[in-house]
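Visitor: Have a look; sequence and predicted model below, questions after that.
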Amino acid sequence: MTTSTTTTGTRLVKRGLADMLKGGVIMDVVDAEQARIAEDAGAIAVMALERVPADIRAQGGVARMSDPDLIQGIIDAVSIPVMAKARIGHFVEAQILQHLGVDYIDESEVLSPADYVNHIDKHGFTVPFVCGATNLGEALRRITEGAAMIRSKGEAGTGDVSEATKHIRTIRREIAGLQATLASNPDELYVAAKELRAPYELVREVAERGELPVVLFVAGGVATPADAAMMMQLGADGVFVGSGIFKSGDPAARAAAIVKATALYNDPATITEVSRGLGEAMVGINVADLAAPHRLAERGW
Amino acid sequence: MSGRTVGIVALQGGVREHVDLLAGMGVATTLLRRPEDLIGPDGLRVDAVVLPGGESSTIDRLLRLFGLGEPLGQAIASGLPALGTCAGLIQLSSGIADPAPGQGSLGVLDVTVHRNAFGRQVDSAEVTLPTAWGEARVAFIRAPSVESHGPGVEVIARYRDAVVGVVQGAIIGLAFHPELCGETLFHERLLRFV
């Protein structure tokens, strides 16, 4: 037992923290009190932000990274990992979040993009990033840029889970398609990579593994324990719940119920039990009623 | 390795990595979520148990909610070999210096642990670590440390002057993750206790 050698910020430790989040629920919180409620309810991590997506949607305007004081207050309030959002392409907001000591940065379409061409080059950071995706190609482009975790986008701030369902199903179906191509006509993977607009080596790796090389969570519109369990049964590694908890009638009870339903997602008896008497779910907006410019999932490319 | 089954507590966290590592060693695994997964009509269903990494406060809550914590603690106290990594070490401990509100532990390993002892995620690291059982390639991810331990506990690894690996009877507690690096050293030791 003499000396050890140490390397921080490696791909393995960035992806490794996401591995430890699997099977859990990450909750949006806007202050220290909400963060404590989330921690008490069994959240594996909290997402610190100034306004939940439902309010960003209602109030409009440019949505930016939260005030460092707010994020610091939440970091100080809880012992579980704290995530925070930077605008797409805003590498200086990301530098600030890394400096504050957040455990994961969400380069998020929920905020207003800062760059409509480039996403952040995430390899240069020690802190890991999670990014949204609506399909496999988008997920692979984010991983190429250094994302260590992917979440399907869904449509944040709506309480309508249909887009989340579409995105996780799309990603899973496209992965299955690559597996089939590898089995039957592996020479067609070159064209598959071209069509996915992703590097061939990464496409090949996904075809061989039958899954992404990073953890895949679901986000956007999850509002009930049943929603969370459905996402898990569809193959998610875990769920983000944004507006769904603190825009509901009894946030503490709903948060705890969603945690339980996510852990035992294959057990209808448990999901039934935890769904009883939760009070009002968040008032939803049907995604179909949103005019195209107000659909957040279309931000990012 | 035939006939031996290792149970892996699968309420939340890095379960899959232990399953894959043990599968690579030719060892069968089964996932533990409810008391009946651990104990059948003929007694224990497993020959050893792994408590994986994850968020220790979440896993503690789920262990109690689903009723697995108590029988698991009793089985380990009665001699079921156990390996805890990171949050799993916290679960095994007899005391947590800085618990989340209401957080408890199984109390089967005579150590007091300190959560997030080495800093936040930016301080997480891959480490080549000398141990009493040989050099190991491991990862520390928001890792805890052992702050103090009882006389029956043997220290097997230290990192930055802190105790990060211990053994007490057939219980191995590690602050780090060998399973993320494909390191089999500690799982081999666990199987020797069976």
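Guide: Nice, thanks for sending it over. These numbers were taken from a predicted model, which means no experiment stands behind them. Numbers count the residues shown, from 1 in each chain, chains lettered A, B, ... in the order given.
Visitor: can you pull the contacts of the closest residue to chain B within the stretch 151-300 of chain A?
Guide: Closest to chain B within the stretch 151-300 of chain A is A:Ala263: 5.3 Å, counting by C-beta to the nearest C-beta. C-beta coordinates here come from the backbone N, C-alpha and C atoms, glycine included. By C-beta atoms under 8 Å, 6 or more residues apart in numbering or on different chains, the residues touching A:Ala263 are A:Gly23, B:Leu11, B:Gln12, B:Arg33, B:Leu62, B:Phe66.
Visitor: 6 Å instead, please
Guide: Contact analysis of A:Ala263 by C-beta atoms under 6 Å, 6 or more residues apart in numbering or on different chains lists B:Leu11, B:Leu62.
Visitor: again with B:Cys86
Guide: Contact partners of B:Cys86, counting by C-beta under 6 Å, 6+ apart, are B:Gly53, B:Ala143, B:His177.
Visitor: Keep only those residues that also lie close to chain A.
Guide: Restricting the contacts of B:Cys86 to those near chain A by C-beta under 6 Å from any C-beta of the partner chain leaves B:Gly53.
Visitor: got a winner among the contacts of B:Cys86 for most neighbours?
Guide: The residue in these with the most neighbours, by other C-beta atoms under 10 Å in any protein chain shown, is B:Gly53 (34 neighbours).
Visitor: Need the nearest residue in space to that one, chain neighbours excluded.
Guide: B:Cys86 (3.6 Å; C-beta to C-beta, 6 or more residues apart in numbering or on different chains).
Visitor: Might you list the low-confidence residue ranges for chain B?
Guide: For chain B, residues meeting the criterion pLDDT under 70 lie at B:1-2.
Visitor: Would you state the helices of it in chain order?
Guide: Here chain B has its helices, by DSSP state H, at B:15-24, B:35-38, B:56-65, B:69-77, B:87-92, B:185-192.
Visitor: of all the ones you listed, which gets the most neighbours per residue?
Guide: Stretch with highest mean neighbour count among those: helix B:87-92 (a mean of 29; mean count of other C-beta atoms under 10 Å in any protein chain shown).
Visitor: next one: the worst-scoring helix or strand of chain A on mean pLDDT to chain centre, how far?
Guide: Least confident helix or strand, chain A: helix A:53-59 with a mean of 85, by mean pLDDT, DSSP states H and E. Averaging C-alpha coordinates over helix A:53-59 and over its chain gives two centres that are 18 Å apart (C-alpha atoms, centre = their mean, to the nearest Å).
Visitor: Could you list every helix and strand in contact with it?
Guide: Helix A:53-59 is packed against no helix or strand, with contacts defined by 3 or more C-beta pairs under 6 Å, 6 or more residues apart in numbering or on different chains; DSSP states H and E.
Visitor: Please pull up the helix or strand immediately following that helix.
Guide: helix A:68-77 (DSSP states H and E).
Visitor: Only the buried residues of that next one, if you could.
Guide: For helix A:68-77, burial by neighbour count (16 or more other C-beta atoms under 10 Å in any protein chain shown) applies to A:Leu70, A:Ile71, A:Gln72, A:Ile74, A:Ile75, A:Ala77.
Visitor: partners of the helix or strand just after that helix in the sheet?
Guide: Counting by DSSP H and E, the next helix or strand C-terminal to helix A:68-77 is strand A:82-87. Strand pairing for strand A:82-87, determined by DSSP bridges: strand A:45-48 (parallel), strand A:104-108 (parallel).
Visitor: is it true that B:Ile85 touches B:Gly53?
Guide: Just to correct that, residue B:85 is Thr rather than Ile. Yes. Counting by C-beta atoms under 6 Å, B:Thr85 touches B:Gly53, with 5.1 Å between them.
Visitor: Chain A: helices as residue ranges?
Guide: Here chain A has its helices, by DSSP H, at A:11-21, A:32-41, A:53-59, A:68-77, A:91-100, A:136-144, A:162-184, A:189-196, A:200-209, A:225-233, A:243-246, A:251-263, A:268-275.
Visitor: would CSV of those with distance to B:Arg160 be doable?
Guide: As requested, the helices of chain A are exported to CSV (distance: least, C-beta to C-beta, whole Å):
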stretch, distance to B:Arg160
helix A:11-21, 16
helix A:32-41, 27
helix A:53-59, 40
helix A:68-77, 22
helix A:91-100, 22
helix A:136-144, 32
helix A:162-184, 40
helix A:189-196, 43
helix A:200-209, 35
helix A:225-233, 37
helix A:243-246, 38
helix A:251-263, 33
helix A:268-275, 42
